[in-house]
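# Model the structure of this input:
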Amino acid sequence: MKRTTVKSSLSASQINHVWPGALTIVLSAFVLIVILTWSYWPIGKELFIAWQSDDDYSAGQLVPFVALFLLWRERKVLAQCRLVPCWIGGVIVLFLAEAIRIFGLLAIRPSIERYALVLTVAGLIIMIAGWRVFRRIFWIVGMLFLMVPLPSMIHERVNVPLRSIATTGSVFLLEAFGATVSQQGNVMTINDNIPMAVAEACSGLRMLMAFVIVAAFVAYMVKRPRSQKAVLIISSIPVAVMCNILRLVATAVLFMFASAEVAQQFFHDFAGLAMMPAAALLLFAELWLMDRLIVPEPDSQQNQVIYRSEATAVVGDKSNTKEEPNA
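Predicted structure coming up:
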């Protein structure tokens, strides 16, 4: 009975000692989150409008939900992590985010202000939960950058080459299958009487952004080395370009053998939905191919154990050979 009373008194004293500190952390974090939410509310509103108005970046609105799902998936691991707030590191990251935000505001660069929003989320995590938790969810926080539309300068530098590659690749495949195609810029003339223009919306940037998001999600879910995950994400770019070329070729075939209305409906409705499962299958096929081509390195500890066992066996054999003449 005495031991139980001592343990209960110690636990009560520990709770009374820890509770004020935990309450202070929770209240401080809550106040800080409310202030930053109020501060970044206009930026979040503009980001939502950009998702709804620009089809190229409409897939970005799925990124926060994907991040929440991944956090829920890691809930058991995160529950075992001890919260060690790092106020200095969090404040440094928050000041950096605010400096970037002010620069984007003065330079009239909305995308830079939106990137500052992601850095602010990272600073809050470091300040409230600490570096250990942040390192655990670093990949998830990094995925939030994919929800931000590209800056206008980078958008133009990416979109124009994508249109050119899509047009040239479609002409090559159509000619390979026997069609007569002439190209003038981003306009194809099929069989000398069917014009087909590759507009800015047909560049494949929308598909590219969606494929990169899918590749990042798959790379996080699979248990592979970091090098293979990096290859998976980088390879999503040529996969998206190839899928867009195939979509343009299928649309051109419908222009030849059906009608313009059917072709346009196919391009904007069915083809866009069909390419997402196709891209996922290509990513998993790539993982299967890496399993066949890349030989996993043996565990170093296992090699040491085998080496030590062999060494002891050799020493034992030598000792036995030395003892045999004496016998």
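# and the residue found closest to residue 205 once you drop the neighbours it is linked to in the chain, what pLDDT?
Excluding the flanking residues, the one nearest residue 205 by C-beta to C-beta, 6 or more residues apart in numbering is residue 56, at 4.5 Å. The way it works is simple: take the backbone N, C-alpha and C, and place the C-beta from them, glycine included. pLDDT, residue 56: 84.
# Pretty sure residue 56 sits against residue 149.
Yes: in this structure, residue 56 is within contact of residue 149 by C-beta atoms under 8 Å, at 7.5 Å.
# Could you list the low-confidence segments of the chain?
The model of the chain has pLDDT under 70 over residues 1-25, 259-274, 295-327.
# domains for it, by residue range?
Split into domains by automatic domain parsing, the chain comes to 31-148, 153-294.
# possible to save those as a markdown table with mean neighbour count?
Converted to a markdown table, the domains of the chain look like this (neighbours: other C-beta atoms under 10 Å):
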| stretch | mean neighbour count |
| --- | --- |
| domain 31-148 | 16 |
| domain 153-294 | 16 |
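# OK, contacts around residue 81?
By C-beta atoms under 8 Å, 6 or more residues apart in numbering, the residues touching residue 81 are 129, 132-133, 136.
# Report the separation between it and residue 125.
12 Å (C-beta to C-beta, to the nearest Å).
# My read is that residue 77 contacts residue 137, right?
No: counting by C-beta under 8 Å, residue 77 does not reach residue 137; the two are 9.5 Å apart.
# Secondary structure class of residue 189, three-state.
Using DSSP: H, G, I helix; E, B strand; the rest coil, the structure places residue 189 in strand.
# cool, and residue 42?
helix.
# how close does it sit to residue 238?
When distance is defined by C-beta to C-beta, residue 42 is 37 Å away from residue 238.
# what about the strands in the stretch 151-300 of the chain?
181-184, 187-190, 194-197 (DSSP state E, counting those that start in this stretch).
# Format those as TSV; extra columns: distance to residue 167.
Output for those, formatted as TSV (distance: least, C-beta to C-beta, whole Å):
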stretch	distance to residue 167
strand 181-184	6
strand 187-190	6
strand 194-197	9
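# Please name whichever of those strands is nearest to residue 64.
Closest to residue 64 of those is strand 194-197 (C-beta to C-beta; 35.3 Å).
# ok, that closest one: who's next to it in the sheet?
Strand pairing for strand 194-197, determined by DSSP bridges: strand 187-190 (antiparallel).
# Dump the strand it pairs with to PDB, restricted to CA.
Included here for strand 187-190 are C-alpha records, laid out as PDB according to Å, rounded to 0.1, in the frame of the first residue of the first chain:
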ATOM      1  CA  VAL A 187      -0.400  23.700 -86.400                       C
ATOM      2  CA  MET A 188      -0.600  20.400 -88.100                       C
ATOM      3  CA  THR A 189      -2.200  19.700 -91.400                       C
ATOM      4  CA  ILE A 190      -3.300  16.100 -91.800                       C
END
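# Go ahead and name everything in contact with it.
So strand 187-190 is in contact with 167, 170-171, 174, 179-183, 195-198, 252, 255-256, going by C-beta under 8 Å, 6+ apart.
# now the helices for the stretch 51-200 of the chain?
Using DSSP state H, counting those that start in this stretch, the helices of the stretch 51-200 of the chain run over 63-73, 75-80, 87-106, 110-128, 131-136, 138-143, 152-176.
# In contact with the nearest residue in space to residue 131 that is not next to it in sequence: list those residues for me.
Of all residues not flanking residue 131 in the chain, residue 86 sits nearest, at 5.6 Å (C-beta to C-beta, 6+ apart). Contacts for residue 86 (C-beta under 8 Å, 6+ apart) come out as 126-127, 130-131.
# if I look at residue 86, how far off is residue 48?
For residue 86, the distance to residue 48 - C-beta to C-beta - is 31 Å.
# Now for residue 28, how many residues are close by?
Neighbour count for residue 28, taken as other C-beta atoms under 10 Å: 14.
# what helix or strand does it sit in?
helix 2-53 (DSSP states H and E).
# quick one: contacts for the spatially closest residue to residue 144 that is not a sequence neighbour?
Distances taken as C-beta to C-beta, 6+ apart put residue 118 closest to residue 144, at 4.6 Å, once the chain neighbours are dropped. Residues in contact with residue 118, defined by C-beta under 8 Å, 6+ apart, are 141, 144-145, 148.
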